[in-house]
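Chemist: here you go, sequence then predicted model.
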Amino acid sequence: MLLEEGGDGQMLERLALSCRALDDISAACAAYERAYHWYVEAGDHAGAGTVACTLADIELSDLGGSAVAAGWLSRARDHLSHHPEHPSLVTVDAMSAYRALAYEKDPDTARTHAQRAVALAERIGDTTQLIMSRAFLGLVQVTRGELEDGFDLLDGATAAALAGEVPPAADLDVYCLLITACERVRDLDRMEQWAQRVLSMATAAGSAGFATFARTRYAALLICRGRWPEAEAELDQVLWDAGGRPLTAAMALVLRATLRRLQGRLDDALSELSPCEREPYRRAVRHQVLAVRAAIELDRGSPQVAADLAERYLRAVSRHDLIERIEVLEVLVRARLALTEPDAADAAARELEATAEQIPTAAVRGAAVAARALVDLAGGSPTAARAGLEAAVDLLDQAGFAHATLAAQVELATRLLQEGEVAAARMMAESVRSAATELGAHGVVAAADDLLGRLRCRVPASEAMTLRETEVLRLVADGLSNAEIAGRLVLSPRTVERHVSNIYLKIGATGPSARTIAVAHARRTGLLG
């Protein structure tokens, strides 16, 4: 009724605030837009600029409308140019920073805006705005890999919030920024502590927006931890509560697609992603959709499609946005190796290693070490590959990444088999299969079953090797090519190729490094005399 009958700007703002508290986002937007026009017609630039800021916030926080938000921020800046010391200008720069970081994947622009917000808040002496803008600058710095400076700012803002130096809504904002930073560096222990705190506080205060944010991040953590039934329940609740919040719903759908992929349910994963590729979801999570699709295509056995999607994502995300690039670089390493493109895989692995130097958490280091081990294996460095896989398993397990740890153990068990350590390979494969079955990771179960099948067919290579195969292997160890071996033994090249293939099959050597693996096995087992 009030929207139909009119009302002054302040009355319309109060109505809008009530609608937003009731999670009626559509009605809140309508009321704020009426308030904005009332202030414009009244010539109240401060009022119009402040309401434009709020409309931008709704677009970014609830609707995922980055372009619409940019328009409202531009209008806010124009109106507030009449009041250069107005506190809402701090909010304009803070939200511009958020838009650049979350939507445009541009941490450089985000840092410029965040620094301006801090400077203005200091100049006008607004304590709440200063604490908030410092927290956001901290998140930007963490994203860029400047962990020490970034967490110093975030910890300072968190301490201020805990001490009651900011209003209740602002303290939840600070905690949410800290949760986001912890998630980005893959610090699951710290993230869990703060996500549970925010969820409890927001639920008690009846703040649906903060509650759904915390629940979504908590679900992401549960997926990493391997607590998948709990994650399912949290995501179901998020989607139930999403209402008129397409951004929240889109984030939940992307997470559920990620969970389905880890479960090995690839068709279901694509189905979960499908709505996210259409409006109003697409504009909110377009980068995340590319990342998940790349991983799904790799699992589906389409490395070229996966590599193309990964490269497309990486072109869209600044190289300074270190953390947002990690998961896609992992996919790219594997895709390029599957395509027999070792140089491209090495380049992606080197970027991961550089990131791990700046962000040395166990999870990030584990990702980098695992990628390097796969590149080493393909490049004929089996000893380094094994050491790398062992380190990756330890790091990922330390970080609490359940699925990633099991996947690395499958790689390590395969390597043990290639080195002839049959008993150790079998023990690890059986352990992985049991854990993956309990987790519900069907893709890992299938990989473990494949490995166990190879182990069941395996006979000791020294007993299975024929005299001619042993002779061929000795010449391989001397560095001769297949053609040179054919000439030395007066055999056809095709016959030598058959002998070499049989040798590889009997000792479990596969991939580009099979020749190196065969020679190492022969030396270790004394077949070379």
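Modeler: That came through, no problem.

Chemist: pull up the distance across stretch 367-386, start to finish.
Modeler: Start-to-end span of stretch 367-386 (Cα to Cα, to the nearest Å) is 15 Å.

Chemist: which parts of that stretch are buried?
Modeler: 367-382, 385-386 (16 or more other Cβ atoms under 10 Å). (Glycine included, C-beta is placed from N, CA and C.)

Chemist: show me how far it is from its chain's centre.
Modeler: With Cα atoms, centre = their mean, to the nearest Å as the basis, stretch 367-386 stands 22 Å off its chain's centre.

Chemist: re earlier: please list the members of the buried residues of stretch 367-386 that lie in helices.
Modeler: In this view, the buried residues of stretch 367-386 that belong to helices under DSSP state H are 367-378, 382, 385-386.

Chemist: mind checking the SS state of residue 31?
Modeler: With DSSP: H, G, I helix; E, B strand; the rest coil as the basis, the three-state label of residue 31 is helix.

Chemist: was I right about it contacting residue 12?
Modeler: Yes. Using Cβ atoms under 8 Å, residue 31 is in contact with residue 12, at 5.2 Å.

Chemist: excluding its backbone neighbours, what's nearest residue 34?
Modeler: Among residues not flanking residue 34 along the chain, residue 12 sits closest, at 5.0 Å (Cβ to Cβ, 6 or more residues apart in numbering).

Chemist: right, and the one you found touches residue 35 too?
Modeler: Yes. Residue 12 is within contact range of residue 35, at 3.7 Å (criterion: Cβ under 8 Å).

Chemist: how many residues are close by residue 453?
Modeler: Per other Cβ atoms under 10 Å, the neighbour tally for residue 453 reads 11.

Chemist: now residue 480
Modeler: As a burial measure, residue 480 scores 17 neighbours (other Cβ under 10 Å).

Chemist: that one and residue 489 touch, don't they?
Modeler: No. Counting by Cβ under 8 Å, residue 480 stays clear of residue 489, with 9.9 Å between them.

Chemist: please enumerate residues in contact with stretch 407-425?
Modeler: 366, 370, 373-374, 377, 382, 385-386, 389-390, 392-393, 396, 428-429, 431-432, 444, 447-448, 451, 454-455, 458, 461, 507-510, 517, 520-521, 524-525 (Cβ atoms under 8 Å, 6 or more residues apart in numbering).

Chemist: and the residue nearest the centre of the chain, what element?
Modeler: By Cα atoms, centre = their mean, the mean C-alpha position of the chain lies nearest to residue 327, the distance being 4.8 Å. Assessed by DSSP states H and E, residue 327 sits inside helix 322-338.

Chemist: which strands and helices sit next to that helix?
Modeler: Judged by 3 or more Cβ pairs under 8 Å, 6 or more residues apart in numbering; DSSP states H and E, helix 322-338 is in contact with helix 127-143, helix 282-299, helix 303-316, helix 342-358, helix 362-378.

Chemist: now with 7 Å, please.
Modeler: Applying 3 or more Cβ pairs under 7 Å, 6 or more residues apart in numbering; DSSP states H and E, one finds that helix 322-338 contacts helix 282-299, helix 303-316, helix 342-358, helix 362-378.

Chemist: list the buried residues of stretch 222-232.
Modeler: Residues 222-228, 231 are the ones in stretch 222-232 that count as buried (16+ other Cβ under 10 Å).

Chemist: ok, now stretch 447-457?
Modeler: Neighbour counts over stretch 447-457 (16+ other Cβ under 10 Å) mark 447-448, 451-452, 454-455 as buried.

Chemist: now stretch 347-355
Modeler: 348-352, 355.

Chemist: which one of those residues is nearest to residue 61?
Modeler: Closest approach to residue 61 among the buried residues of stretch 347-355 (Cβ to Cβ): residue 355, at 28.5 Å.

Chemist: mind checking the SS state of residue 173?
Modeler: Here residue 173 is helix, with the state taken from three-state DSSP.

Chemist: thinking again about what came up before, how near is the closest residue to the residue nearest to the centre of the chain other than its chain neighbours to residue 261?
Modeler: Spatial nearest neighbour of residue 327, chain neighbours left out: residue 291 (5.9 Å); criterion: Cβ to Cβ, 6+ apart. Note on residue 291: its distance to residue 261, by Cβ to Cβ, to the nearest Å, is 11 Å.

Chemist: pLDDT weak spots in the chain?
Modeler: 1-7, 243-244, 280-281, 283-284, 457-464, 508, 511-512, 524-529 (pLDDT under 70).

Chemist: try it again at 50.
Modeler: Low-confidence segments of the chain (pLDDT under 50): 1-4, 461-462.

Chemist: and the residue nearest to residue 327, what does it touch?
Modeler: 313, 327-328 (Cβ atoms under 7 Å, 6 or more residues apart in numbering).

Chemist: ok, residue 31 to residue 219 distance?
Modeler: Applying Cβ to Cβ, the value for residue 31 to residue 219 is 31 Å.

Chemist: looking at these two, which is more packed in?
Modeler: Neighbour count, other Cβ under 10 Å: between residue 31 and residue 219, residue 219 has more, with 28 against 25.

Chemist: and the more buried one, what does it touch?
Modeler: Taking Cβ under 7 Å, 6+ apart as the criterion, residue 219 is in contact with 231, 234-235, 238, 255.

Chemist: residue 103 now?
Modeler: By Cβ under 7 Å, 6+ apart, the residues touching residue 103 are residue 66.

Chemist: quick check on it: phi, psi?
Modeler: The phi/psi pair for residue 103 (degrees, to the nearest 10) reads phi -100, psi -40.

Chemist: now residue 35
Modeler: Main-chain dihedrals, residue 35, degrees, to the nearest 10: phi -60, psi -40.

Chemist: about what we covered before: what's the closest of the helices and strands packed on helix 322-338 to residue 55?
Modeler: Among the helices and strands packed on helix 322-338, helix 282-299 comes nearest to residue 55, with 16.3 Å by Cβ to Cβ.

Chemist: look up how far residue 54 lies from the closest residue to residue 58 other than its chain neighbours.
Modeler: Excluding the flanking residues, the one nearest residue 58 by Cβ to Cβ, 6+ apart is residue 29, at 6.0 Å. Residue 29 is 10 Å from residue 54, where distance means Cβ to Cβ.
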